[in-house]
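Participant: Got a predicted structure here, sequence first:
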Amino acid sequence: MPAPSPRPPSSNRGTPLPASLVVQYVGFQEAPGRREYLLLVQEGDNVRTYTVSIPLEAFSRRRALLQDGPDISYQRLVRALADSEPIAAGRLAVTNADLTTYRDAHVRVASHR
């Protein structure tokens, strides 16, 4: 099986990641009322684990698509790291504002046939 990509394909959008950091999506797990995305951040020999949660309501109300969950989580974590935002216990939550920002940056253009 191929090794997971350290950055999602759309990582060229949004907040740039400091060159010294490598972020790797590990997977997700279901939790009551939310989906939790697990990401590893490596800086040199130091590896930290982060959990970014998205409320299930965001998916059921179509504010986010399930396939976008890993990228939304990645973008949220990168913004927090770039802003030196304190991340308590390695946990972050995606807010409605985060979802709106993501959606606005990823507008899909309808094809005309």
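Facilitator: Yep, it's here. Residues are numbered from 1 along each chain as shown.
Participant: tell me the helices in the protein, going along the chain?
Facilitator: 56-60, 69-82, 96-105 (DSSP state H).
Participant: what does the average pLDDT come to for stretch 84-96?
Facilitator: In this model, stretch 84-96 carries a mean pLDDT of 90.
Participant: what's the spacing between that stretch and its chain's center?
Facilitator: 11 Å (CA atoms, centre = their mean, to the nearest Å).
Participant: ditto for stretch 83-95
Facilitator: 12 Å.
Participant: Start and end of it, how far apart?
Facilitator: End-to-end span of stretch 83-95 (CA to CA, to the nearest Å): 16 Å.
Participant: May I have the predicted confidence score for P8?
Facilitator: Predicted confidence (pLDDT) for P8: 44.
Participant: now swap in A110 and tell me
Facilitator: Confidence score, pLDDT, at A110: 60.
Participant: out of the helices of the chain, nearest to V47?
Facilitator: Nearest to V47, of all the helices of the chain, is helix 69-82, at 13.8 Å by CB to CB. For glycine as for every other residue, the C-beta is placed from the backbone atoms N, C-alpha and C.
Participant: Packing partners of the closest one?
Facilitator: Using 3 or more CB pairs under 8 Å, 6 or more residues apart in numbering; DSSP states H and E as the contact test, the elements touching helix 69-82 are strand 21-31, strand 34-43, strand 46-55, strand 91-93, helix 96-105.
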